[in-house]
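> give me coordinates for this.
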Amino acid sequence: MMNLYRHSKKPSRAPFILATALVVLVFLIDLVSGGSIRAVVREGVARVWSTGTSSISLREFFSTRHALQNENRTLREQITELTLRVAAFEVLKLENQELRVLTGLAEEGSGVSAPVVSSFSTSPYGTFLIGAGEANGLTVGNLVIAGDVRFGGFVIGRIEATDTHMSLVKSLLAPGEATEATVHDIGVVVRGRGGGQGIAEAPREAIIEAGDVVTAATLGQRPLGVVGHVEKDPSGAAQRVYVHLPFSLASIQYVRVVAQ
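Alright, predicted model coming up:
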């Protein structure tokens, strides 16, 4: 009984012999067919390898594309941040220039600095509001100055009405306004056209050129504008003188108020 049990547990060599015979048979067929079996096997292996390589290439492509998208997003965010910083710098630069002008005016005489608190374009009457009033000693008729400190600043208007902490300013070059002024000791009347623009008439023979400063005795000989263009009519007795402020009213953020 014991011998029969041990014999039944002995591994069979039949599968090994069968596998060996199959390999030999395939080898013989390959020799007879001139290597066609090997070609088929190589082609199959090549296809499997090609498929695997393509899969790796696709994964690399999508991975690279995703990385480029993230890099582009980061660059766009950095550009936006830099743009905002540049805009903030320009605002601070403009405010600094305005304050330097006001500081220069303050060195030349007394006055009150005040911020502009309303837009010049919102009023059709050539008026605007400033953030100073009776509490700061302002009264109706005070002169409002802004702009180039080289000329002591340009008078852009007068206080027309006051409140405790605010004042209404009327522009000298508002439509309907007229100011007696001089250019090279030549008397003219500057009539406002709005938007910091004015027009005057001078004798035809008067020598007036673009860039000449227009001043007014009623403003303490302070300038109210410069000549931008002169238009002469050969058949007329006068020439038209176009006057303007050498800066944009919309750019003014601070003004100085002085007594007339």
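
> all contacts plus neighbour counts: C-alpha atoms, from now on.
Fine.

> can you give me the helices in the stretch 151-260 of the chain?
Using DSSP state H, counting those that start in this stretch, no helices are found in the stretch 151-260 of the chain.

> remind me which residues of it are low pLDDT?
Counting by pLDDT under 70, the stretch 151-260 of the chain has low-confidence residues at 151-152.

> would you map out the domains in this protein?
According to automatic domain parsing, the chain comprises the domains 14-108, 112-258.

> does Leu68 count as helix, strand or coil?
Here Leu68 is recorded as helix under DSSP: H, G, I helix; E, B strand; the rest coil.

> compute the number of surrounding residues for it.
Other residues near Leu68 come to 12 when the count uses other C-alpha atoms under 10 Å.

> any idea how far it is from Thr80?
Distance from Leu68 to Thr80, counting by C-alpha to C-alpha, to the nearest Å: 18 Å.

> also Ala237?
59 Å.

> so Ala217 sits against Val183, correct?
No. Counting by C-alpha atoms under 8 Å, Ala217 does not reach Val183; the two are 11.4 Å apart.

> quick one, which of those two is more surrounded?
Neighbours per residue, other C-alpha under 10 Å: of Ala217 and Val183, the larger number sits with Val183, 21 against 12.

> hey, what's the more buried one bridged with?
Ile186 (DSSP bridges).

> I figured it hits Ala210, correct?
No. Shown here, Val183 and Ala210 do not form a contact pair, counting by C-alpha under 8 Å, at 11.0 Å.

> what's near enough to touch Leu219?
Contacts for Leu219 (C-alpha atoms under 8 Å, 6 or more residues apart in numbering) come out as Leu143, Val155, Gln260.
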